[in-house]
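Enquirer: Please work out how this folds:
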Amino acid sequence: MRQAPDISVASLNLHGGMDRHGRPYDVAAACHLLQADVIALQEVWRADGEPDEFAAVASALGGQVRHGRMASGISLARLRVGPEDGREGEWGVAVLTSLPVLRYEEISLGRAPLDGLPRLAQALTLAVPGGGTLRIVNTHLTHRMTSPAQLMLLAARLSKESTGPTLIAGDLNMTGPATWTAGHGYRRVVRGPTFPAHRPLVQLDHLLAGPGIRAEAAEVLPGVGSDHLPVRAQLLPG
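Expert: Take a look at the predicted model:
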């Protein structure tokens, strides 16, 4: 990252834009509250035939959005996150960024046993002020017991490419100690319970910094409507 100014990165599981009772909340306002240069989102649902509110949010923040689709033609009721309202849409992950995107790719992580959906990771190589690059990897790993195996697979795939400092962000569906399975020099920079938002007991949402990155002001943020709490950190060259 060279001597770039601080880059703020946040991550949030949106729960499809529904609170824990299945009631909608203001997703756009939630994204604005995160106040970050890069926002990694999981459980993103976009209704078919309706404007992309995430593109609108990204534009308002002076950036762009990249979507990663995990399922299509699916309702919030079928996903068990909201009531049946007759709408179907796309389900997946997304990254909002005000930094220029130099490269974008999606990494397939396959379908875990007993998991209804395949999993993937988004890898965005971003240009940072002052020169250099930062790779942000956004993912939502399986809620089944094999999430550490998926994290190990993901980190091994990422290690094969020398694209500069890398940060893995997202709902990893594992506790903090289990993130050691990433190996390759990754370390978690935020510590604190994130789920459930109304009474946090366990940390499922993580920012894992690879070599060449150090983090400051790493924190769990107050709730914004989802059943998960957001996490955020300031990244500096390390």
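Enquirer: and the residue of the chain most remote from its centre, what helix or strand is that in?
Expert: Most distant residue from the mean C-alpha position of the chain: Gly86, 27.5 Å away (C-alpha atoms, centre = their mean). According to DSSP states H and E, Gly86 maps onto no helix or strand at all.
Enquirer: how much space is there between the residue lying closest to it once chain neighbours are set aside and Asp227?
Expert: What sits nearest to Gly86 in space, not counting adjacent residues and going by C-beta to C-beta, 6 or more residues apart in numbering, is Ser75, at 8.0 Å. Every C-beta, even on glycine, is put in place using the N, C-alpha and C of the backbone. Note on Ser75: its distance to Asp227, by C-beta to C-beta, to the nearest Å, is 18 Å.
Enquirer: just Thr163 next, same as before
Expert: Counting by C-beta to C-beta - Thr163 and Asp227 are separated by 33 Å.
Enquirer: what about the two, which has more around it?
Expert: Asp227 (20 against 13; other C-beta atoms under 10 Å).
Enquirer: picking up where we left off before, Glu90 is in contact with the residue nearest to Gly86, correct?
Expert: No - in this structure Ser75 lies outside contact range of Glu90 using C-beta atoms under 8 Å: 11.3 Å.
Enquirer: what helices or strands is the lengthiest helix in the chain leaning on?
Expert: Ordering each helix of the chain by length in residues (DSSP state H) puts helix 147-159 first. Secondary-structure packing of helix 147-159 (3 or more C-beta pairs under 8 Å, 6 or more residues apart in numbering; DSSP states H and E): strand 101-110, strand 119-127, strand 133-140, strand 166-171.
Enquirer: rerun at 10 Å
Expert: Judged by 3 or more C-beta pairs under 10 Å, 6 or more residues apart in numbering; DSSP states H and E, helix 147-159 is in contact with strand 101-110, strand 119-127, strand 133-140, strand 166-171, strand 205-209.
Enquirer: Run through the neighbouring helices and strands of the helix or strand following the fourth one.
Expert: What it means is strand 166-171. Once the chain leaves strand 166-171, the next helix or strand it forms, by DSSP H and E, is strand 187-188. Of the remaining helices and strands, those touching strand 187-188 by 3+ C-beta pairs under 10 Å, 6+ apart are strand 205-209, strand 213-220.
Enquirer: on that earlier part again, can you give me the angle the longest helix of the chain makes with strand 119-127?
Expert: When axes from the mean of the first three to the mean of the last three C-alpha atoms, to 10 degrees is applied, the directions of helix 147-159 and strand 119-127 differ by 40 degrees.
Enquirer: Dump helix 147-159 to CSV, restricted to CA.
Expert: The C-alpha coordinates for helix 147-159 follow below in CSV (Å, rounded to 0.1, in the frame of the first residue of the first chain):
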residue,chain,number,x,y,z
SER,A,147,-16.7,-23.0,7.2
PRO,A,148,-13.1,-23.3,8.5
ALA,A,149,-12.4,-25.6,5.5
GLN,A,150,-13.8,-23.1,3.1
LEU,A,151,-11.7,-20.3,4.7
MET,A,152,-8.6,-22.5,4.3
LEU,A,153,-9.4,-23.2,0.6
LEU,A,154,-10.0,-19.4,0.0
ALA,A,155,-6.8,-18.3,1.6
ALA,A,156,-4.8,-21.0,-0.3
ARG,A,157,-6.3,-19.8,-3.6
LEU,A,158,-5.5,-16.2,-2.7
SER,A,159,-1.9,-17.0,-1.9
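Enquirer: If I take that helix and strand 101-110, what angle do their directions form?
Expert: 140 degrees.
Enquirer: Near the closest residue to Arg66 other than its chain neighbours, how many other residues are there?
Expert: Closest residue to Arg66 apart from its sequence neighbours, by C-beta to C-beta, 6+ apart: Val95 at 5.1 Å. Val95 sits with 30 neighbouring residues when counted by other C-beta under 10 Å.
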